[in-house]
Each structure stands twice: as C-alpha cells, then as structure tokens.
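> Here you go, sequence then predicted model.
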Amino acid sequence: MLLRTIKVKASVKHMYRLGEKKKLVNRPLKIVLESEEEKNLVLKNLYQLKGAEDWHFKVRISRDLTKEERKAIKRLSNIAKGRNEKGESNVIWCVRDSLSRGVYLKKTEKQQEDDV
C-alpha cells in the first residue's frame, strides 16, 4: 500500500520485523528491495506521503546505514552539540542525511519568538 501511495513500482525481496515480540510495542519493519535503484526511487518519492492518508503520519522511513555512516553521524553529532553549546544564540547546528549529499552538518537560524 505504501508503494502505491507514493506511485512507485518496486519489488520487495524480503520483509520482516526487527526485535523481540512484546505486547503493546511497535517493532520496526525492515523491507529489502530488489535493487539499489528501487530503494533510491522509493526514498526520493517519500515526499508524496505528506498529503496522504492519516496512517502515513505514524510511519517513519529511513534507509539502512552502514557502520561507517553511523560513525560519521555520531562524530558530526558531537561536533554539532559542541557548536550549539558554545555557539551563537540565534543558530542551531544539526546533522542531516540526504541521498545526494550523504551525511552533513547544517546550520539553521533559530525561530524568533515574538514577545506578547
């Protein structure tokens, strides 16, 4: 149903739940597609979920990270945390991940709260 919603044709190779089965606990579902191209196409079209049915708002989709990518995210997260602790008061540093750029640091302006 998800693939139909984002209008992507992809072949599912494997699909299984991760973790131990426990009452009242949602477990992640790992879906392995036939090819890297299909995976990238699915990830590229996820923006179409924004206006879709309500159940999609309860779904979080992310790509599987390699050990090196997880290390890079941890390293960049520590850098971002350090910059945020001693940095400018109107800027937030955070770690982002994209298909085209990979993992990177992003500088964002803080939203100004209006005094009431």
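Arrived safely. Numbering: from 1, shown residues only.

> for the protein, which helix is longest?
helix 67-86 (DSSP state H).

> helices or strands next to that helix in the packing?
On a contact count with 3 or more CB pairs under 8 Å, 6 or more residues apart in numbering; DSSP states H and E, helix 67-86 meets strand 91-98, strand 102-109. For every residue, glycine as well, the C-beta is placed using N, CA and C.

> export the ones you listed to CSV and tack on mean pLDDT and mean neighbour count?
Below are the helices and strands packed on helix 67-86 laid out as CSV (pLDDT from 0 to 100; neighbours: other CB atoms under 10 Å):
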stretch, mean pLDDT, mean neighbour count
strand 91-98, 85, 15
strand 102-109, 85, 12
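
> Could you point out which of those strands sits nearest K22?
Of all the helices and strands packed on helix 67-86, strand 91-98 sits nearest to K22, with 28.9 Å by CB to CB.

> got the domain boundaries for this structure?
Following the assignment in automatic domain parsing, the chain carries domains at 2-58, 67-109.

> average pLDDT for the first one?
Throughout domain 2-58, pLDDT has a mean value of 84.

> Do you know the pLDDT at the closest residue in space to V95 that isn't next to it in sequence?
With CB to CB, 6 or more residues apart in numbering as the criterion, V95 has its nearest non-adjacent residue at 4.7 Å, and that residue is L76. Turning to L76, the model gives it a pLDDT of 91.

> Against E85, how distant is L76?
15 Å (CB to CB, to the nearest Å).

> So which of those two has more stuff around it?
L76 (19 against 8; other CB atoms under 10 Å).

> helix or strand for the residue nearest to K9 when sequence neighbours are not counted, which one?
Once flanking residues are discounted, K9 sits nearest to L3: 7.2 Å by CB to CB, 6+ apart. Element membership of L3 [criterion: DSSP states H and E] is helix 2-5.
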